[in-house]
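*Asks:* sequence and predicted structure are below.
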Amino acid sequence: MVAASSSSTALSKSFKYDVYLSFRGVDSFVDHLYHALEQRDIYIFKDDQTLILRENVGPSLLKAIEESKVIIIVFSTKYASSSWCLRELVKIMECHNNNNNNNNNNNNNNNTTTKLFTRCFMMWIPVRNEAKFITKIVQEISFKLRFASLRANANLLGMEARVHKVLSLLETSHGDVRMIGIWGIGGSGKTTLARIVFDLISTKFEGTSFVGNVREFSSASLYGLDLLQEKILSDVLHRQSMEIKIRERLRYRKVLIVLDDVDHIDQLEALAGRPNWFSSGSIIIVTTRDKHVLLAHRVKLIHTVELLSQEEAICLFSRHAFGRDIPIQGYTELALEAVTYAAGLPLAIRVLGSSLCGKGKPEWKAALERLKTVPLMEARKSLELSYINLEADYKEAFLDVACLLNGLPIDDVIRITESCGFYGTAALRVLEQKSLITINDDQYVVMDPLKEATGKEIVRHLHPNRPNKHSRLWILKEIECVLAEDMGSEATKAIVVHSPVELGSQVVTKGFGSMKELRLLHLVSEIDDDYDVKIGQSSPDFPKALRYLNWEGYPHVFLPKTFKASNLVTLEMPYSRVTQLWEGEKQKVLNRLRFLDLRRSQLRTLDIGMTPNLERLDLEDCDHLLELDTPVGGQKTLVYLNLSGCSRIKSFMFIKRLESLEVLSLSRLYLEGFPDIIPGHCNSRLLELRFRHNNIEQLPSSIGNLKKLVHLDLCSCTRLTSLPESICGLGHLRNLKLSGCDWIEELPEDLEGLERLEKLSLSCARIKHLPDSICKLKCLKSLKLPFCRNLEKLPGDIGQLECLEKLILEKCIQVRDIPDSICQLKSLKYLNISGCSRVEKLPMELGCLVNLEVLNVKGTRIRQLPLKVSSLMCLEIHAPKNIQFMSTLGNFDQRPMKMPRTSDDDTNASDNSAAIPIQTQRAVRRSSRASVMPTKYKDYV
């Protein structure tokens with residue numbers, strides 16, 4: 001038996017029948033199958049009345065084939081002897097092929113039919129258990145029909161692919177009982193997805209139950225979970241008033257249960273506590289907004305609901321706004337703005353589209369502008385449920401991100417939230433698990449416009465026209481008004497402005513005085529020549545509660561005398577006029593201060609003994625700074641110190657007293673000798689040392705005492721002539737940067753001691769040879785040698801670098817040959833030998849580098865590439881215009897690749913180059929265009 005179903009391309013067609021039965025003669029199996037399908041309310045075409053005369057009946061049957069969603073062919077021993085059956089079969093295959101490919105010709109149809117017919121007879125075996133076989137057929141047909149309905153439903157745009165992913169996830173697990181979580185923000189389609197999967201696979205189980213609104217039902221009464229247990233048992237066992245426990249009655253039944261909108265671990269423990277509550281093959285599907293609930297219940301299969309792509313969102317929005325799949329003329333930009341606001345949430349897109357349907361452009365623009373401050377009610381209610389269930393601290397963190405911190409680097413957000421008294425890392429993790437924020441690949445905290453607007457509305461909705469009553473202020477005009485009118489109140493907890501704000505003397509003097517609970521203040525001042533006149537001698541009245549103070553361009557030379565600062569955790573005043581923190585000799589102790597940033601300020605002196613718990617100190621480019629005072633007994637908490645550009649500091653002895661220091665930056669000091677900062681023992685905690693742009697000639701041998709050092713940056717130390725042998729004892733070093741150290745002629749011989757080194761950057765013009773020991777760096781992933789103009793060759797055993805992913809030899813003009821062993825670098829992804837003007841060929845086995853993604857041979861003498869290179873599926877090549885592939889016998893491929901000119905202004909026409917995306921050798925040869933590879937590998941330092 002074979003079933004052929006209609007393809008997605010024909011779903012818009014109106015079908016009269018669910019199933020068409022194709023068979024030969026009287027057959028009890030067909031009768032049993034027919035009745036089994038009929039019991040499932042499946043509408044079937046079965047031509048009983050013309051069994052004897054069907055050889056003479058044609059058009060009506062052929063039309064019935066065209067009008068059926070699914071066709072079942074029952075092959076019997078006499079099926080092939082009937083010319084009509086064969087005509088039916090050809091018609092069936094024509095319909096099937098036309099639905100899948102309108103360009104198929106008759107020969108293809110005949111071939112397909114022949115293959116199908118042959119395959120069926122080769123697999124033809126007696127059916128040993130007819131009842132089980134029919135049951136399996138009915139389940140499969142039911143599944144196909146339901147999936148067809150899913151495809152045809154215009155309101156379920158994009159759902160087919162998402163259903164496939166859930167089903168695939170279920171298939172990958174072969175456990176006795178499978179529990180899968182469907183996780184996503186409110187309005188993302190979790191319930192719809194779970195319902196569709198439930199309907200598709202429910203026929204394969206002995207009992208099923210879909211339990212909706214678990215959160216709402218369980219919290220409605222003390223007996224909510226008990227009632228839900230009874231519902232599950234009633235659904236599965238088809239009995240009422242069940243008082244027996246789930247685990248006692250369902251352990252012998254294969255069941256499918258959906259628990260929708262779960263928000264607490266207690267609900268899962270009561271309704272699906274352990275896998276042994278259910279029989280083998282059972283599936284439990286849980287939908288939730290909170291990923292932590294799934295993790296706490298040890299749910300291993302978790303499907304993250306994908307929001308609609310922009311294309312899907314535009315289509316769904318257009319269906320509700322315009323009654324078609326694309327925007328009408330003149331509304332495209334407005335539609336894009338609308339779906340950007342909705343952030344891929346199906347619920348928000350449907351509601352927004354329906355609300356704008358039939359309205360003109362002015363109404364659209366007004367509605368979209370209003371959404372920036374007042375989110376859609378339906379969407380807001382859905383999102384507010386996630387907010388309401390947060391703990392108090394996490395609610396504050398959510399509102400801070402929505403109103404103040406959206407789009408900032410994660411490290412900054414953590415520092416700010418911790419400064420305000422919250423556990424920043426934990427808060428962000430919880431918000432991410434509840435789908436309220438995302439952390440992107442660049443490690444920025446991102447909240448979409450709808451959630452941001454919802455958070456801002458939560459802050460504003462009680463007093464929409466009284467900003468002085470808002471807990472957070474972020475709108476510049478409102479801030480200026482509140483400060484200038486001295487309307488601040490205890491309600492204000494945070495103020496953040498990222499653009500310059502002009503503050504007059506009255507504002508500065510009185511503006512913050514009444515904000516007794518202000519904990520976070522971030523301002524930017526735009527200082528001009530007349531600013532001193534405007535500001536006068538007044539100073540801001542900072543409240544005692546302030547914990548995070550960031551004022552870029554702070555116009556005063558001291559902090560206010562009235563500022564107690566006893567709760568201050570973070571003080572950031574870059575580009576300020578501060579010369580010292582407090583006026584006079586008597587300095588206040590800032591016991592809680594952990595983060596201090598005075599970059600590019602006019603700071604002259606600082607006593608870090610007054611900040612006993614300081615962890616991070618950034619004084620970059622404080623070119624007026626003469627000294628740092630440290631306690632005689634040392635400073636035990638400082639882990640980060642940046643003194644780059646502080647060129648007036650003469651002594652660095654104090655650094656030895658910083659016992660916990662992990663990151664030290666002393667770049668651009670132009671020191672002629674390495675400062676005495678390294679202790680005489682090996683207990684230093686220093687992990688990172690940045691020493692760029694200094695005039696030292698040698699490193700001290702004591703550098704070897706920094707046993708925990710991970711990152712050493714000596715770039716552009718142009719007078720450095722050599723490295724001490726002791727540097728080879730830095731067994732934890734992972735990144736060594738020597739680019740621009742042009743006086744170094746050779747590296748230490750025993751590099752093998754750098755056993756954890758992952759990145760090595762050498763742009764040293766005088767180096768002629770690399771030590772053989774470099775090939776023993778088993779962890780090395782990146783080797784950059786650009787502009788090593790005297791380097792003559794690579795070590796012959798470079799193929800031993802089994803982890804190497806990036807190799808750059810740009811402008812190594814003395815290199816003549818690329819060693820054959822390079823073909824052993826199985827991890828290599830990026831190879832750049834551009835500008836190696838003496839290199840004429842590449843190793844013939846270069847095509848063995850299956851992970852190679854980018855090959856750059858511009859500016860070389862290479863005019864033939866090994867033929868195997870063309871088989872690298874994901875490779876992009878930068879090469880001369882007329883380059884060819886060469887076989888292993890030395891013969892050219894006579895069909896040259898066509899490459900467009902690049903955007904480079906090449907003076908030599910023969911050296912024009914392009915990036916060639918290679919899919920297969922055939923695709924390369926017939927390609928008439930190729931895209932230029934983005935310049936993403938240009939940072940050699």
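*Replies:* Ah, there it is.

*Asks:* name the helix or strand for residue 487, please.
*Replies:* Per DSSP states H and E: residue 487 is located in neither a helix nor a strand.

*Asks:* could you pull up the residues touching it?
*Replies:* By CB atoms under 8 Å, 6 or more residues apart in numbering, residue 487 lies in contact with 468, 481, 514. Yep, even glycine has a C-beta here, placed from its N, CA and C like the rest.

*Asks:* make it 6 Å
*Replies:* Shown in contact with residue 487 (CB atoms under 6 Å, 6 or more residues apart in numbering): residue 468.

*Asks:* next one: residue 490
*Replies:* With contact set as CB under 6 Å, 6+ apart, residue 490 has these partners: 516, 517.

*Asks:* just to be sure, it is in a strand?
*Replies:* No: counting by DSSP: H, G, I helix; E, B strand; the rest coil, residue 490 is located in no strand; its state is coil.

*Asks:* mind checking pLDDT for it?
*Replies:* Residue 490 is assigned a predicted lDDT (pLDDT) of 91.

*Asks:* how about residue 417?
*Replies:* 94.

*Asks:* please apply the same query to the one 4 residues further on.
*Replies:* The score at residue 421 is 90. That number is its pLDDT.

*Asks:* okay, now it: neighbour count?
*Replies:* 14 (other CB atoms under 10 Å).

*Asks:* so for it, what's the nearest residue that isn't a sequence neighbour?
*Replies:* Excluding the flanking residues, the one nearest residue 421 by CB to CB, 6 or more residues apart in numbering is residue 547, at 6.5 Å.

*Asks:* and for the one you found, the neighbour number?
*Replies:* Neighbours around residue 547, by other CB under 10 Å: 20.

*Asks:* surely it is in contact with residue 521?
*Replies:* No: contact criterion CB atoms under 6 Å: residue 547 and residue 521 do not qualify, at 9.4 Å.

*Asks:* using CSV, write out every CA atom in stretch 65-81.
*Replies:* Only the C-alpha atoms of stretch 65-81 are listed here, as CSV (Å, rounded to 0.1, in the frame of the first residue of the first chain):
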residue,chain,number,x,y,z
ILE,A,65,-8.5,11.8,-8.0
GLU,A,66,-7.8,15.5,-8.6
GLU,A,67,-10.3,16.5,-5.9
SER,A,68,-8.7,14.3,-3.1
LYS,A,69,-6.1,15.4,-0.6
VAL,A,70,-4.7,12.0,0.0
ILE,A,71,-4.6,9.0,-2.3
ILE,A,72,-4.2,5.5,-1.0
ILE,A,73,-3.2,2.8,-3.5
VAL,A,74,-3.8,-0.7,-2.4
PHE,A,75,-1.6,-3.0,-4.5
SER,A,76,-3.0,-6.5,-4.9
THR,A,77,-1.8,-9.4,-7.0
LYS,A,78,-4.3,-8.4,-9.8
TYR,A,79,-3.7,-4.7,-9.6
ALA,A,80,-1.2,-4.6,-12.5
SER,A,81,-3.4,-6.7,-14.7
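
*Asks:* residues of that stretch that come out buried?
*Replies:* Residues of stretch 65-81 classed as buried by neighbour count (16 or more other CB atoms under 10 Å): 65, 66, 68, 69, 70, 71, 72, 73, 74, 75, 76, 79.
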